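1. Output the structure for:
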Amino acid sequence: MNSSLLNIASILSITLLYSAPLIYTAIGGVLSENAGVVNIGLEGMMSVGAVVGSIVGYYVGNPWIAFLCGGLGGMIVALLHAIATINFAADHVVSGIAINLIGPGLSLFLCRLFFDGAAMSKSIPYENKLPVLFGHVFKNRSGSIARFLDIVFSQYVSVYIAFIVVFIVYFLLYKTRLGLRIRAVGEYPRAAETLGVDAYKIKYICVLASGFLAGLGGASMSLAVVSNYRETLISGQGFIALAAVIFGGWRPQGAMLACLLFGFAQGLSVFLGSIGIKIDTNILSMIPYAITLIVLIVFVKGSRAPSADGIPYDRNN
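-> Here you go, the predicted structure:
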């Protein structure tokens, strides 16, 4: 296998690995915003999901339970956002900012509580991490193509689940009655309620689902991408996922493609750093965020959010 093909395979592999947490979180954002609730608190929900996943993964030793608990951790934080924005008609952006302040602080507190005051959790043993799929399929085959496929597709199961989630949410939103109700509430909640749709209930379901998926995104970081939780693990990931929601036109398939683009930017920065190219590490770390800003500047004008997205709704007024 020549070096060029090996480099391409490595970049694609890292792209898929780093895209998965973004996909979970962005799809959560798509659900929430299609129901009319802006969720900029994805970062805080990811952070809680990451620390809960690492705590349960280390002490329980079952990655599947840890993965699920990470999602539940994000859902609990999302409940606060739902209560504030739905029941009390609070400003969605202000509530989201509060979640982004609460989430990392709560995560650090939990980490110190369960790991003897340390700001970093203990490493999860490899056998307690999420399993890798398809590694055995190509490893025993010879040839450059088999080696290429082995590098690209030997991924943690969380990567493949992320793409399944995209399909499920797409089917839910555009092929089911519940999806029609979600989109109706996101566009005209008062009109939807005149037809017997409980807008509050729909919003709650979507915000809680958003938190659960963001928690899975955080847990996939601590259970697959790395082996522990640390204070800087989720730095900016939730905001990149939010940018993917906008870039993807508030559609699951568009958000997925945007996450792959941002994952490629992260993969490229990791790859360039790993091969010893003499570029300042700060510049390498900046690549994903710079691409995020460029993409938003270029594409945000052509994107249209659901009509009632971010507008507090009070059925009594």
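2. What's the first helix or strand after the host helix or strand of Ala184?
-> If you go by DSSP states H and E, Ala184 is part of helix 177-187. In the C-terminal direction, the helix or strand that comes right after helix 177-187 (DSSP H and E) is helix 189-194.
3. ok, back up a step: could you tell me which other helices and strands the helix holding Ala184 packs against?
-> Taking 3 or more Cβ pairs under 8 Å, 6 or more residues apart in numbering; DSSP states H and E as contact, the helices and strands that helix 177-187 lies on are helix 3-34, helix 157-175, helix 189-194, helix 199-220. Any C-beta I mention is one placed from the backbone N, CA and C, and that applies to glycine too.
4. Low-confidence regions, the stretch 1-150 of the chain specifically.
-> Using pLDDT under 70 as the threshold, the predicted model of the stretch 1-150 of the chain has low-confidence ranges 1, 135-142.
5. Name all residues that make contact with the nearest residue to Phe171 once chain neighbours are set aside.
-> Once flanking residues are discounted, Phe171 sits nearest to Gly179: 7.9 Å by Cβ to Cβ, 6 or more residues apart in numbering. By Cβ atoms under 8 Å, 6 or more residues apart in numbering, the contact set of Gly179 is 171-173.
6. do Tyr160 as well
-> Tyr160 is in contact with Leu133, counting by Cβ under 8 Å, 6+ apart.
7. Pick the most deeply packed of the helices and strands packed on helix 177-187.
-> Counting by mean count of other Cβ atoms under 10 Å, helix 199-220 has the highest mean neighbour count of those, with a mean of 27.
8. Please pull up the helix or strand immediately following that one.
-> Taking DSSP H and E as the definition, the helix or strand that follows helix 199-220 towards the C-terminus is helix 237-247.
9. can you give me how far that following helix is from the chain middle?
-> The chain centre lies 9 Å from the centre of helix 237-247; the measure is Cα atoms, centre = their mean, to the nearest Å.
10. go on, stretch 83-97?
-> Centre-to-centre, stretch 83-97 and its host chain are 21 Å apart (Cα atoms, centre = their mean).
11. May I have the distance across it, first residue to last?
-> One end of stretch 83-97 sits 15 Å from the other (Cα to Cα, to the nearest Å).
12. wait, which of the helices and strands packed on helix 177-187 is closest to Gly238?
-> Using Cβ to Cβ as the criterion, the shortest distance between Gly238 and those is 6.0 Å, found for helix 3-34.
13. angle of the closest one against helix 237-247?
-> 80 degrees (axes from the mean of the first three to the mean of the last three Cα atoms, to 10 degrees).
14. what's the angle between helix 3-34 and helix 177-187?
-> Between helix 3-34 and helix 177-187, the angle formed by their directions is 70 degrees, by the same axes, to 10 degrees.
15. other SSEs contacting helix 3-34?
-> Applying 3+ Cβ pairs under 8 Å, 6+ apart, we find helix 3-34 packed against helix 42-60, helix 144-153, strand 155-156, helix 157-175, helix 177-187, helix 199-220, helix 237-247, helix 252-274.
16. Hmm, Ser144 is touching Ser3, no?
-> No: applying Cβ atoms under 8 Å as the test, Ser144 and Ser3 come out as separate, 11.4 Å apart.
17. ok so, going back, adding distance to His81, write the helices and strands packed on helix 177-187 out as CSV.
-> Written out in CSV, the entries for those read as follows (distance: least, Cβ to Cβ, whole Å):
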stretch, distance to His81
helix 3-34, 9
helix 157-175, 19
helix 189-194, 17
helix 199-220, 6
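18. Minimum distance to Ala241: which of those helices has it?
-> From the helices and strands packed on helix 177-187, taking Cβ to Cβ, the stretch that ends up closest is helix 3-34, at 3.7 Å.
19. so how far is the closest one off the chain centroid?
-> How far helix 3-34 lies from its chain's middle: 10 Å, per Cα atoms, centre = their mean.
20. any idea how far Ala199 is from Met120?
-> Taking Cβ to Cβ, to the nearest Å as the measure, Met120 and Ala199 are separated by 43 Å.
21. That's all I had, so thanks and see you.
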